[in-house]
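J.: coordinates only, sequence not included:
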């Protein structure tokens, strides 16, 4: 009897977490292999994981600071380049996870359907691979903080919390993409649109303070807003949202993860039933 029929579509969560902890070495080795496969054909290898987001941040800093506005403090927070990089680097991880989600069944096939590992192990594999690229880029944040004269605050202690919550959010979105694409293949084509929407509706370039007070809390319906608060607390701990704001985003993260897990289990069960 599979995990869906044994525990119900939402059951067995704690036992699956235990299984993932047991198989953490397998997950680490798979993620390492994915990284090698991604960059093995490039002379600079993993350097490209750092160069792309840094180049984008520098380009946007030049455009918004000197061409459109003439000064950086009209948008975001100062130093604007640090504000940008603390948004773009986590977003790249989010976007890669969303893009990989609909490809999970096509890439892993029978391994996902019949493996004794929890079904969300396979979407998590891609999330961890993208997360490894993000971890390699963290020194860029601290380097820019030092170069542009910003101060590292006590908020740096929230960095592990931000990373953990992003793993949960990215895995949930990846599972949703995998489950929906099995029934609606067009979902894979929609991920690009979704990523662009998330980019412009998240405080990557702009800041919540630019909105009316009554609207600022509702911006936390976007769970990525909370993550950016946590990352940016490294420099701007005073700019983070209230406890109510954080609870709103946390609720959205949990809802996304649970919905993705349930839908993915149901799709796996359907595939097993068809093939039997």
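T.: Good, I have the coordinates. In this text the structure is predicted, and so the values were computed from the model without any measurement.
J.: Show me what the mean pLDDT comes to for stretch 219-227.
T.: Average pLDDT, stretch 219-227: 93.
J.: Check stretch 123-132 too.
T.: 86.
J.: can you map out the strands along the stretch 51-200 of the chain?
T.: Here the stretch 51-200 of the chain has no strands by DSSP state E, counting those that start in this stretch.
J.: Can you show me the helices along it?
T.: Ranges of helices in the stretch 51-200 of the chain, per DSSP state H, counting those that start in this stretch, are 80-100, 104-108, 110-114, 121-147, 159-183, 187-201.
J.: The fourth one versus helix 80-100: what angle between them?
T.: Relative orientation of helix 121-147 versus helix 80-100 (axes from the mean of the first three to the mean of the last three C-alpha atoms, to 10 degrees): 170 degrees.
J.: Could you point out which residue ranges in this structure have low pLDDT?
T.: Across the chain, residues meeting the criterion (pLDDT under 70) sit at 1-76, 110, 112, 271-276.
J.: Now the nearest residue to residue 175 once chain neighbours are set aside: which helix or strand?
T.: Once flanking residues are discounted, residue 175 sits nearest to residue 260: 3.1 Å by C-beta to C-beta, 6 or more residues apart in numbering. The way it works is simple: take the backbone N, C-alpha and C, and place the C-beta from them, glycine included. In the assignment (DSSP states H and E), residue 260 maps to helix 243-275.
J.: what angle sits between that helix and helix 159-183?
T.: Per the same axes, to 10 degrees, the angle that helix 243-275 makes with helix 159-183 is 40 degrees.
J.: what helices or strands is helix 243-275 leaning on?
T.: Secondary-structure packing of helix 243-275 (3 or more C-beta pairs under 8 Å, 6 or more residues apart in numbering; DSSP states H and E): helix 3-7, helix 110-114, helix 159-183, helix 223-232.
J.: Try it again at 10 Å.
T.: For helix 243-275, the contact count by 3 or more C-beta pairs under 10 Å, 6 or more residues apart in numbering; DSSP states H and E identifies helix 3-7, helix 13-22, helix 104-108, helix 110-114, helix 121-147, helix 159-183, helix 223-232 as packing neighbours.
J.: Give me the buried stretch members for it, please.
T.: Going by neighbour count (16 or more other C-beta atoms under 10 Å), the buried part of helix 243-275 is 245-246, 248-249, 252-253, 256-257, 259-265, 267-269, 271.
J.: coming back round to it: with distance to residue 218 and mean neighbour count added, can I get the helices of the stretch 51-200 of the chain in TSV?
T.: TSV is the format used below for the helices of the stretch 51-200 of the chain (distance: least, C-beta to C-beta, whole Å; neighbours: other C-beta atoms under 10 Å):
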stretch	distance to residue 218	mean neighbour count
helix 80-100	19	23
helix 104-108	32	17
helix 110-114	37	14
helix 121-147	27	19
helix 159-183	18	22
helix 187-201	12	14
